[in-house]
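Engineer: Next one to model:
(chains A, B, C and D)
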Amino acid sequence: MLSAIIRRLIHMIAVLFGISVLVFLIFFATPGANPAARIAGRNASPQTIARVERQFGLNKPLPVQYGLMMKKLFITQNLTSFVNLGEKVVPQVFRAAPITLSLVTGAAVIWIGFAVLIGLLAAAFRDTLIDRILMILSLIGISMPVFWVATMANLITQGQFHHSWLFSWVPPLGYVPFNTSPLGWFKALIIPWFTLAILYIGLYARVLRAALIETMQEDYIRTARAKGLSERQVLMHHALRSAMIGIVTLFGLDFGALVGGGALLTEVVFGLQGIGYLTYQALETLDLPMILATVIYASVFVVMSNAVVDILYAVIDPRARQAR
Amino acid sequence: MNNLLEVRDLTKHYTSRHGFAGKRVVRAVNGVSFEIAPGEALGLVGESGCGKSTLGRCIARLYNVTSGSVTFDGTDITRLGGRALRPIRAGLQMIFQDPYASLNPRRRVGEIIAEPLHVHHRGNKAAMTARVASLLSDVGLGPEALTRFPHEFSGGQRQRIGIARALALDPKLIIADEPVSALDVSVQAQIVNLLADLQRDRGLAYLFIAHDLGVVRQIADRVAVMYLGGIVEIGPVASVFGSPAHPYTRALLDAVPVADPALTHRDRIRLAGDPPNPANPPSGCAFHPRCAWATAECRTVKPLLRTLADGRETACHHPLTARVEPADR
Amino acid sequence: MIKRILLLALLLAGMATAQAAPAGYGGTLRMVTVSASGTFDPQVNYTLRYAQLFQMLYDGLVTFAKTGGPKSVTIVPDLATAVPVPTDHGLTYQFTLRTGVKFSNGQPVTTAAVVHSFRRLFKVNSPNAGTWYDVIVGGRRCLAHPRSCKLQGLVVDPATNSITFHLRHPDAEFLDQLALAFAAILPVNTPDHNMGTRPVPGTGTYMVKSYDPSTGLVMVRNPYFHQWSALAQPKGFPSVITYRFGLSAESQVTAVENGQYDWMYEDVPADRLNEIATKYTKQVHITPTNWTLYVPMNVNIPPFNNKDARLAVEYAMNRESTVKLAGGNRLAIPTCITLPPKMPGYSAYCPFTKNPGKHWSAPNWRLARHYMKKSGMIGQKVTVITSLQAPYRQIGVYTQDVLNRLGFKASVKAISPNIDFTYIQNTNNHVQISITDWAQDYPAPSDFLNVLYSCNSFHKGSDSSINISGFCDPAIDAEMSKAELFSLKHPNQADAMWSHIDHQITRRAVAVNLFSFERLDFVSARLRNFQFSGEFFFLPQLAKIKP
Amino acid sequence: MTEVKQRPAQGYWALALRKLMRNRSAMISVLVLVLIVLSCLSAPWYAKYVSHTNPFQSNLSGTIMRHGHAVEVLGAADNPLKLGIEPIGPSGRLGPYMLGADQQGRDVAARLLYGGQNSLLISSIAAIITLILAGLTGIIAGFFGGFIDAAITWALDALWAFPVFLLAISLSVVLIAHGLDIGPLRLDASSLALPISIIGIIYVPYVARPIRATVLTLRQSEFVLAAIGIGASPWRIVWRDILPNVISTIIVFAPLIIALNLLTEAALSFLSIGVQAPAASWGTIIHDGESLIYTRPLVAIAPGLLIVVTVIALNILGDGLRDALDPRAKLRL
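Structural biologist: As a prediction, this is how the structure comes out:
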């Protein structure tokens, strides 16, 4: 057990190493990205730029710069932004995380709720019109670009219709912290939640329906039916439980990826300054320290959620232990 | 000695990883030695999981061997690899258990049977076509099978295709890994007969792996009984099956649901429990937890194969042929 | 309209100048912008967004008058008692420091603080240390060895509060440069490194209460402030000024419409102009600025090392079309020359149009095709580099279209606005033609012409080579030096010389000047007394908040 | 051989095709896709005979006749301050500016058709790249195992954990600014090859993982052992035995990946790092429409709807292919 965890850790570190080196190299391969001229200001003299380069260690060989930056990021944790000098990047990441978490958690509640509902209905009314309609709706959910949905949502709720009774409650874009105003928090997030959830509702409803139908044909379900349980009871108590196993692993991966910054487009369009927005902004301003911090944060989440899912999978489904 | 195949102290260990459970070494085959003479059929029997399939695949060099040696036709093939092994392979072919899995579903039967000929560059196209047709007829299939896909055939027919493929290179030894166990009983006999005919006509040697003792009795000259990675008894079919020396052999025979005049119902012994985990084998004689005659010695000292009076060998501290039956329990 | 823009000037015509009603004091002014703008160190930061704040937080020896209208580009005494006339043929400037002024931390303003502040310019790598302030004797040495910077040219006498600058050569813009936040006087114990996110105490009306680059900043009244000159540092109306970061321009408009903020920094997005002009007409303020959008052509590499090829582009570009891309002729004024209309030395001139004369009227495709044919560059590949931002990207696409119609094989590359500006400057990137802009630092023609077209501004292989065209003519350089010298004593004559230089450079066709921007400010309904300075733009401290 | 049913030999593929042909919704999707592809291919004719404009040429100062009046394509907005410029709105009938103009005064309808060409081209070629790369890495990792597998798995994991958009953005920033210059290979920044290769790379792990798993199983299958027993070389086995059995999985994934690529291309263009102007794709048209959203919302809505329809059709086709070819194939996205 211990050795397996250590192996997993080593693999994780190797992956993170690869990613950070990649980001680092890409940055320095970008012409015009050299922060010295930008830090120095417009039309700075060559001497000033040279001094800035020296001050920020930008004249050192790349591996040394890489090592220094990693040390500042992980050990001393005082890595500061190239753009907003003096701004430490690690606290920024931790400040943005709750916003992303608010967004993703709310969306997750919505998508799981709706997906289970739609999946159950579709499985219960398998091959009827209801099933067809629900599955087509799910397909539409999967097929819409999320930023487009977000833009459309904004167009409707912030544009012409903003002053109609239907959307007059919609607050301006941006995040409201929960402790400032729980209601404001809810109002600010409700549309982003649904926007982000749509894709996953479609995805999970389809997966769940397929899993339910598959499970309903297994022996133990037949036994349950034979015992005289109603179709609804079978579906709710037996089939759903086992079908949810597949959903759990799926959920772990998606949740991890979204918390890690996968909700970038939603955050950008709705002006929610979470991890995705932070990353986006760092990329816009080519702020290498911030990019490194957010990317590594994001990949830690992705890698960890992968690991957690693997463990969960082994715990929930003993058959999987043999298969893996 | 002029043996076609000599296996000495063959050992195969797996390292398996079980997710978060860590590493385990599984001793699938543990120091097995035997030999097969040209034209001879050796049956290899044992419960599933005893390592007999692994042994067969090690000999065919589908798997790498952990230690020991395999000598085929005078050549030590234990450590040969890739290119050097290829000419040897022509003489040593396999038939697999599952006729559904052993044929590539995406390829036509003609291609499947011609594949060995292609790999070994046997003749030109025309010669190959003729050869494939004759192989098909040898195993009792018509030429119309050539352009069909495996899924269009029944299990027995598919096994015939597998046999035709094994015969394509005129091998001296065929390792048949439970070739009939996946088939219907009625079809089993046909295939066994076909194999017996081929042996007779072509002077083939067989390593015939099976858990069905009846089939082995029908085709094999000698038989080896395997338990938990090791051979516990080996000798001529008549004597091993006639008067088993090892309690395990006896238990296997007793499990066969056919009337056997030698044993009354009362006398039959039954195997209790599952075979032990090969990753964690019992001390001493591996069979002792399930053996009715086990003594203190069996629990501590591992018995080695020794030759009994009638020339067969057995690995038991207390062979049945030398002792009275235990009291009825 | 553009992030990169810095200090701009403008002479304002007919801005409302209703003087302050006595009951205008108090309240909170809420400003909003999309993000922070880099370090908060006034001696380093080089952005309009913060210069607008620094003017009410810090003072130099002199400053631009903090008022709306034409007066806003005149220099008035601030921490010095008077604006001196240079002596010693323009080499010596002597000031007297005002007494009784304190920093927001209670420390007194002393001559030692002045010395410290000027030395600090070099120690913190101020962007202009090597371009402006090295004119002070000892400045060159300070640039090379900042740690041991003595700046011998700055001599003070604590007893008489006198401050004397000795320059290496006469510099007509020295006072302009002293009037900017870089030359702010900071406490004597201000550390000699870039202060980053920690605001430094100043002498201004307001002081920073809190600053966080991710959320915003709050400014409150400086308890030690007393008004010594209403023009240099007015008392200010709001009690508190907040600046929120993190709203997109689109959301800023909505928020100002709904009265959640009083003023937005970003330009109103093009598709919202009609909405605000229709529904919020009274909350819109439009003012011209000294800010030109131009298309530099690299005169050192093909195809634009050929003057005929450049002329072809000059004649073909439809200024009116590009104005449309910038939001219409209320927001941009077509031009052919470098200097913007409100800049000293401006005199309208346009040779590249249908009816050459003062103003541009229409493209002249007949001449454009003629020069194109003559250049022999038909079929040449050209890449237009532009930033991704509006309207640059759109103008880039339009330029590409024009180039293709002329017979070039043009493509356009739009890159991140943050790389764009340094990318197009570096000769290593072989940029042939690009879309960019220049805004004044202070109202002096040399800040356009000398900076953008002198040999000194061209550095091979450097990200900081603001002479993007790579144009270098020693004769014109000599004329510019002469004009600069003249502007010390004979400003009117100097303006005529600058105008001549401007037209000369225009005729060399090194860049297509397209238009000069006007600034649109969109404010909340409760904001009164909107004052626009040609130097600092909207002056927050003069705004009155209707309760 | 009476056991063999007397009908023509039914190959695996023939069977699958018959199954697919019987799937009504899959066939409707194919029809929709063909229709979309054909209309996009008709773009040059549309531009020439219907819209009468060149959708790649700015038309900032032009006028057209509408209701008997000359109307500016880009006119000053009608407000007291005369502030802002508005492109001409949709005419609503077949002809010039059927869907209105964009900021450059170009015909949106014509651009949609041309943009569709690029979107579909990028998505399909990127999908081919993804599938080939994923097939290769998946097969090599799964078949050869050991160190090669470990290295490939590591690289795939790194690529997987690297946030997709971030990777795309990072690569785009570098590549768009400078183009790509590897030895003799010189890619211009405006080349479609850039978005294609970016999108082609980012989804490799998503496909390579299931393929690797399939190959791992195949590697242990008896017919592969049989091939080893015959003496076939590893490459022969990969080519003859593994690949034919993986290809069906790959084919099932193809429409799904194309659909995913369409969405990705749109997202990248939305972040303005996809197709470079003046070339268009549905994503760049949405991006252009963003800055007109309050005045001319159709510019952003229309390409979005086209994307949705195409992606739905591709997904349904993917479902149909899976039922027909490889019911176990699952793509985790």
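Engineer: So which residues of chain C form helices?
Structural biologist: With DSSP state H as the criterion, chain C has helices at C:48-57, C:111-123, C:139-144, C:174-178, C:249-257, C:273-279, C:307-316, C:319-325, C:365-375, C:392-406, C:417-423, C:446-453, C:474-489, C:491-508.
Engineer: now swap in the stretch 101-250 of chain B and tell me
Structural biologist: Assigned by DSSP state H, counting those that start in this stretch, the helices in the stretch 101-250 of chain B fall at B:109-119, B:125-138, B:155-167, B:185-202, B:213-219, B:237-242, B:247-255.
Engineer: returning to what we had before: nearest to residue B:13, of the helices of chain C?
Structural biologist: Closest of the helices of chain C to residue B:13 is helix C:417-423, at 58.2 Å (criterion: Cβ to Cβ). In this view, the C-beta of every residue, glycine as well, is placed from N, C-alpha and C.
Engineer: just checking, what packs against the closest one?
Structural biologist: helix A:35-40, strand C:381-387, helix D:164-178 (3 or more Cβ pairs under 8 Å, 6 or more residues apart in numbering or on different chains; DSSP states H and E).
Engineer: With just CA atoms, put it into PDB.
Structural biologist: What follows is helix C:417-423 as a C-alpha-only set of coordinates in PDB (Å, rounded to 0.1, in the frame of the first residue of the first chain):
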ATOM      1  CA  PRO C 417      -1.400  43.300 -26.700                       C
ATOM      2  CA  ASN C 418       1.200  42.600 -24.000                       C
ATOM      3  CA  ILE C 419       3.700  41.200 -26.500                       C
ATOM      4  CA  ASP C 420       2.700  43.300 -29.400                       C
ATOM      5  CA  PHE C 421       4.300  46.500 -28.300                       C
ATOM      6  CA  THR C 422       7.800  45.100 -27.600                       C
ATOM      7  CA  TYR C 423       7.500  42.600 -30.500                       C
END
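Engineer: That one - what's its average pLDDT?
Structural biologist: For helix C:417-423, the mean pLDDT works out to 81.
Engineer: so does stretch B:185-198 get close to chain D?
Structural biologist: No. For stretch B:185-198, no contact with chain D is found by Cβ under 8 Å from any Cβ of the partner chain; the gap never falls below 10.5 Å.
Engineer: Assign a three-state SS to the residue of the stretch 151-300 of chain A found nearest chain C, would you?
Structural biologist: For the stretch 151-300 of chain A, the nearest residue to chain C under the criterion Cβ to the nearest Cβ is residue A:173, separated by 4.1 Å. What DSSP: H, G, I helix; E, B strand; the rest coil gives for residue A:173 is coil.
Engineer: neighbours around it, how many?
Structural biologist: Look at residue A:173: counted by other Cβ atoms under 10 Å in any protein chain shown, it has 23 neighbours.
Engineer: for residue D:312, same thing?
Structural biologist: Using other Cβ under 10 Å: residue D:312 sits among 19 other residues.
Engineer: mind checking how far it is from residue C:419?
Structural biologist: 38 Å (Cβ to Cβ, to the nearest Å).
Engineer: cool, and residue D:300?
Structural biologist: 27 Å.
Engineer: How about the stretch 201-333 of chain D: which residue is closest to chain A?
Structural biologist: For the stretch 201-333 of chain D, Cβ to the nearest Cβ, closest residue to chain A: residue D:311, 3.7 Å.
Engineer: hang on, isn't that residue packed against residue D:262?
Structural biologist: Yes. When contacts are counted by Cβ atoms under 8 Å, residue D:311 is listed as touching residue D:262 (5.6 Å).
Engineer: So which of these two has more stuff around it?
Structural biologist: residue D:262 (30 against 26).
Engineer: In terms of pLDDT, where does that one sit?
Structural biologist: pLDDT, residue D:262: 92.
Engineer: near chain D, which residues of the stretch 1-150 of chain A?
Structural biologist: A:11, A:14-16, A:18-19, A:22-23, A:26-27, A:29-33, A:139-140, A:142-148.
Engineer: okay, stretch A:168-187 in PDB with CA atoms only?
Structural biologist: Output of stretch A:168-187 as PDB, limited to C-alpha atoms (Å, rounded to 0.1, in the frame of the first residue of the first chain):
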ATOM      1  CA  SER A 168     -34.500  42.400 -13.500                       C
ATOM      2  CA  TRP A 169     -33.100  40.500 -10.500                       C
ATOM      3  CA  VAL A 170     -30.000  39.500 -12.400                       C
ATOM      4  CA  PRO A 171     -27.000  41.300 -10.800                       C
ATOM      5  CA  PRO A 172     -24.100  42.800 -12.900                       C
ATOM      6  CA  LEU A 173     -21.400  40.300 -13.800                       C
ATOM      7  CA  GLY A 174     -18.900  39.500 -11.200                       C
ATOM      8  CA  TYR A 175     -18.600  37.500  -8.000                       C
ATOM      9  CA  VAL A 176     -20.100  38.300  -4.600                       C
ATOM     10  CA  PRO A 177     -18.400  36.600  -1.600                       C
ATOM     11  CA  PHE A 178     -20.800  34.400   0.400                       C
ATOM     12  CA  ASN A 179     -20.000  36.200   3.700                       C
ATOM     13  CA  THR A 180     -20.700  39.600   2.100                       C
ATOM     14  CA  SER A 181     -24.200  38.500   1.100                       C
ATOM     15  CA  PRO A 182     -25.400  35.000   0.800                       C
ATOM     16  CA  LEU A 183     -28.300  36.000  -1.400                       C
ATOM     17  CA  GLY A 184     -26.000  38.100  -3.600                       C
ATOM     18  CA  TRP A 185     -23.700  35.200  -3.900                       C
ATOM     19  CA  PHE A 186     -26.500  33.000  -5.000                       C
ATOM     20  CA  LYS A 187     -27.900  35.500  -7.500                       C
END
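Engineer: can you pull the buried residues of it?
Structural biologist: A:170-176, A:185 (16 or more other Cβ atoms under 10 Å in any protein chain shown).
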